[in-house]
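K.L.:
Sequence plus the predicted model coming up.
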Amino acid sequence: MADSSGPPVRSFAQAAATEETVVPLRVVQIDGLVVLKIVKHCKECMPSLVTGQLLGLDIGSILEVTNCFPFPSRGGEEEDEVEADGANYQLEMMRCLREVNVDNNTVGWYQSTYMGSYQTVELIETFLNYQENIKRCVCIIYDPLRSQQGIVALKALRLSDSFMELYRTENFKGEKLREKNMSWTDIFEEIPVKISNSSLVSAVMTELETDAPATQCDFDRLVLSTNPFMEKNLEFLIECMDDLGMEQQKFQYYYRNLSRQQGQQQAWLQKRRAENMARRAAGEEPLPEEDPNNPLFKPIPEPSRLDSYLITNQVNNYCNQINGFAGQTSAEISRDISSHDTVFSCTAGPGCTLVVGLQCKAGYKVRVSLQRGAMWFMVVNIPVPPRPGVHHDG
Amino acid sequence: MASGNTVLHLASGPTGLVGKLHPTVLFNICDSYIRRNDQQERVIGTLLGSISADGTVDIRNSYAVPHNESLDQVAVDIDYHRTMFDLHQRVSPKEVIIGWYSTGAGVSGSDALIQDFYGREVTNPVHLTVDTSFSDDRPSIKAYVSTNLTLGDRQLAAQFHEIQLDLRMIEAERIGFDVLKKTMVDKLPNDIEGLEGTISRLHGMIDTVYRYVDDVVEGRIPPDNTIGRYLADTMAAVPKIAPDAFDKLFHESVQDVLLVIYLANLTRTQLTLAEKLNTAAQIV
């Protein structure tokens, strides 16, 4: 617009008028407060999955999330009642928060997940519901289980525009997808997350930081019993593969039906032509070669590809988790190997001890090489037979 | 009713009550202070949590409540407080009102009135103060409970006792102080980066212990039995495994993990291939 390069202080009307130039969303900037609130809510309700609303501001390419509030978890009441109730709760909460000058602008929602299994049709539906009202919204996914491994398992997601358009037209036929050049990786877009804190919070936290050399997060990361997590991940992966197999079967069935139908159509046409030839020879009018009422010409509906796309995404996600996690595990093990002749220890805080290995130089080498191995796996994506002996001799 | 407007603030011994403060509350208080109205001196709000039987007060959540203060009057928006409490109850019914917070250093005159108001919501409310102005160069966070001083049936004053306050920083530590203490963090650390930091910290700790033990052995510093005992305890915590057995154990684990990585990568390659084939199969 005309005054987009004008003075930085603009009136509200001007700002509203210039809004037409759409800048793509690049970064989601989350307040430390929001992170803590999400973690608290998701963790307290842990076995059940919960959601909540994000409040904030949309500034150019940055979406600031400055506050959030949890949604009450749904009981077994009537559907309509719950919905009306939920809307009421939401309105009331937002009105209250506005009174204490909290940003009163919905920018999306957060939800907890179990081992990153969030790629569902429901998520897409919710996204569309939100996107109808708010142009730019994100979904923040938090995984409390993964966070127990010492990672901040926060992710900001949104649907890609091309996918949304396709979803609205409900067109998930193979041809359309090929036309749009859309693959399963294009459904969700992950947006980089930034964490911001006010100077006040920063000052308070700096003051309050304990001077213990190791924090809870370090302990979490160094826990050696990593197998349960790995097992769960693999279990889910296998389940997903089964689902994918089912989807594939659906397609095979469809193709088989399609080719059978085409064969039958051909046979019918040939028969009709031969008949027509005979009729022409007998001086009669030829019958039309197309018959809309014939059940043979009814197109067989093609199954939607959405499910298989989503499952594929899910599988990919599990693979990523395994890769990231396995890199960590192998590093942990290699740290441990170096410890077996000189095991030493130190205390960290009262009551909790940390067992550590010495000869760290050797340990480091092993770790780095393994880590590279994992990274290289990740980037190049060509499976290479592992040779574990090589990594150990550090 | 006669409510004493005077505050008697005595330094008193431990009252047996212990407050546990979660970092979320602290963040919330700081945020509401930043977002206070123009010319407002301080913010107050309600604290939610639970009180266990042994006198531990778990301060888990909070929300700001608008209020108005003039010389000798305090007006708290009671409606707001009630609505907000109801809303919070619907999410986590276990969290009840346990007291209130205000920003500023220590207890001030009008606090007795607010304490009195919260005293009607819960017996023995906890009053938490967070000094956001850093008046003595550090944020002093204190918690109080009050008792009424009465003479006959005339109320003279509210006496505030300071109680012990533990900061439950484990939640913050889980996320990492690195993330919570900087004003801007560009990227969340991923698995490997986090581990790298942890390992290097570990390395530092081992170095410290190494140096300490060397110094003691060579007589540079006097030995400390407590530290020695801690060290011996941790040493004893590690089971002794023969190197051969350990090697075997280690190799097996590494192979397991590598196999899983291999499998995961194979799956991904398969997915890429399958996608290509699936779209290609459309040209029938």
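P.N.:
Here it is on my side, so go on. Numbers count the residues shown, from 1 in each chain, chains lettered A, B, ... in the order given.
K.L.:
can you list the residues of the stretch 1-150 of chain B near chain A?
P.N.:
B:22-24, B:26-28, B:30-37, B:43, B:60-61, B:63-66, B:77, B:80, B:83-84, B:87, B:90-92, B:130, B:132, B:134, B:138-139 (Cβ under 8 Å from any Cβ of the partner chain). Any C-beta I mention is one placed from the backbone N, CA and C, and that applies to glycine too.
K.L.:
what do you get if the cut-off is 7 Å, keeping everything else the same?
P.N.:
Contacts of the stretch 1-150 of chain B with chain A, taken as Cβ under 7 Å from any Cβ of the partner chain, map to B:23-24, B:26-28, B:30-35, B:37, B:64, B:66, B:80, B:83-84, B:87, B:90-92, B:132, B:134, B:138-139.
K.L.:
Which of these are buried? Put it as a PyMOL command.
P.N.:
Buried members of those, defined by 16 or more other Cβ atoms under 10 Å in any protein chain shown, are picked up in PyMOL with:
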select buried, chain B and resi 23+24+26+27+28+30+31+32+33+35+64+66+80+83+84+87+91+92+132+139
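K.L.:
element containing whichever residue of chain B sits closest to chain A, please.
P.N.:
Ranked by Cβ to the nearest Cβ, the top residue of chain B for proximity to chain A is B:Thr234, at 3.2 Å. B:Thr234 belongs to helix B:225-237 when elements are defined using DSSP states H and E.
K.L.:
list the buried ones in that helix?
P.N.:
For helix B:225-237, the neighbour count (16+ other Cβ under 10 Å) marks B:230-231, B:234 as buried.
K.L.:
next one: the one helix or strand B:Ile59 maps to to chain centre, how far?
P.N.:
Using DSSP H and E, B:Ile59 maps to strand B:56-65. Distance, stretch centre to chain centre, for strand B:56-65: 11 Å (Cα atoms, centre = their mean, to the nearest Å).
K.L.:
Can you give the strand pairings for the very next helix or strand once past that strand, parallel or anti for each?
P.N.:
Downstream of strand B:56-65, the next assigned helix or strand under DSSP H and E is strand B:67-69. Paired neighbours of strand B:67-69 in the sheet (DSSP bridges): strand B:74-76 (antiparallel).
K.L.:
Tell me which residues are up against the helix or strand that the partner strand is followed by.
P.N.:
For strand B:74-76, the succeeding helix or strand toward the C-terminus, using DSSP H and E, is helix B:78-91. Applying Cβ atoms under 7 Å, 6 or more residues apart in numbering or on different chains, the contact partners of helix B:78-91 are A:70, A:72, A:89, A:92-93, A:96, A:99, B:46, B:48, B:61, B:63, B:65-66, B:95, B:97.
K.L.:
just checking, A:Tyr142 touches A:Tyr110?
P.N.:
Yes - using Cβ atoms under 7 Å, A:Tyr142 makes contact with A:Tyr110 at a distance of 6.3 Å.
K.L.:
got any residues that touch both of those two?
P.N.:
What both A:Tyr142 and A:Tyr110 touch, as defined by Cβ under 7 Å, 6+ apart, is the set A:Ile38.
K.L.:
Looking at these two now, which is surrounded by more residues?
P.N.:
A:Tyr110 (27 against 23; other Cβ atoms under 10 Å in any protein chain shown).
K.L.:
Give the bridge partners for that one, please.
P.N.:
Here A:Tyr110 sits in beta bridges with A:Gly52, A:Ile140, as judged by DSSP bridges.
K.L.:
which residues touch it?
P.N.:
A:38, A:51-52, A:54, A:68, A:140, A:142.
K.L.:
now A:Pro72
P.N.:
A:89, B:90-91.
K.L.:
Sheet partners, orientation included, of the longest strand seen in chain B?
P.N.:
Longest strand of chain B, by residue count under DSSP state E: strand B:154-167. With DSSP bridges as the test, strand B:154-167 is paired with strand B:6-9 (parallel), strand B:18-21 (parallel), strand B:141-151 (antiparallel).
K.L.:
where does the closest residue to A:Ile134 other than its chain neighbours fall, phi/psi-wise?
P.N.:
Excluding its sequence neighbours, the residue lying closest to A:Ile134 (Cβ to Cβ, 6 or more residues apart in numbering or on different chains) is A:Thr106, at 5.9 Å. Backbone geometry at A:Thr106, expressed as degrees, to the nearest 10, gives phi -70, psi 130.
K.L.:
number of nearby residues for A:Thr106?
P.N.:
A:Thr106: 16 neighbours (other Cβ under 10 Å).
K.L.:
Show the contacting residues for it.
P.N.:
A:Thr106 makes contact with A:53, A:55, A:134 under the criterion Cβ under 7 Å, 6+ apart.
K.L.:
Need the per-residue pLDDT for the residue of chain B closest to chain A.
P.N.:
Predicted confidence (pLDDT) for B:Thr234: 82.
K.L.:
cool, and B:Ser62?
P.N.:
Predicted confidence (pLDDT) for B:Ser62: 90.
K.L.:
next one: A:Leu97
P.N.:
Value listed for A:Leu97 in the pLDDT field: 86.
K.L.:
got the angle between the strand holding B:Ile59 and strand B:154-167?
P.N.:
Put simply, strand B:56-65 runs at 100 degrees to strand B:154-167, going by axes from the mean of the first three to the mean of the last three Cα atoms, to 10 degrees.
K.L.:
And strand B:56-65, what's buried?
P.N.:
B:56-65.
K.L.:
now stretch B:238-255
P.N.:
In stretch B:238-255, counting by 16+ other Cβ under 10 Å, buried: B:238, B:246, B:250, B:253-254.
K.L.:
mind listing which of those residues are in helices?
P.N.:
Among the buried residues of stretch B:238-255, DSSP state H puts B:246, B:250, B:253-254 in helices.
K.L.:
Could you export those to TSV, including columns for pLDDT and distance to A:Glu289?
P.N.:
Output for these, formatted as TSV (pLDDT from 0 to 100; distance: Cβ to Cβ, whole Å):
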residue	pLDDT	distance to A:Glu289
B:Phe246	80	80
B:Phe250	76	75
B:Ser253	77	70
B:Val254	76	69
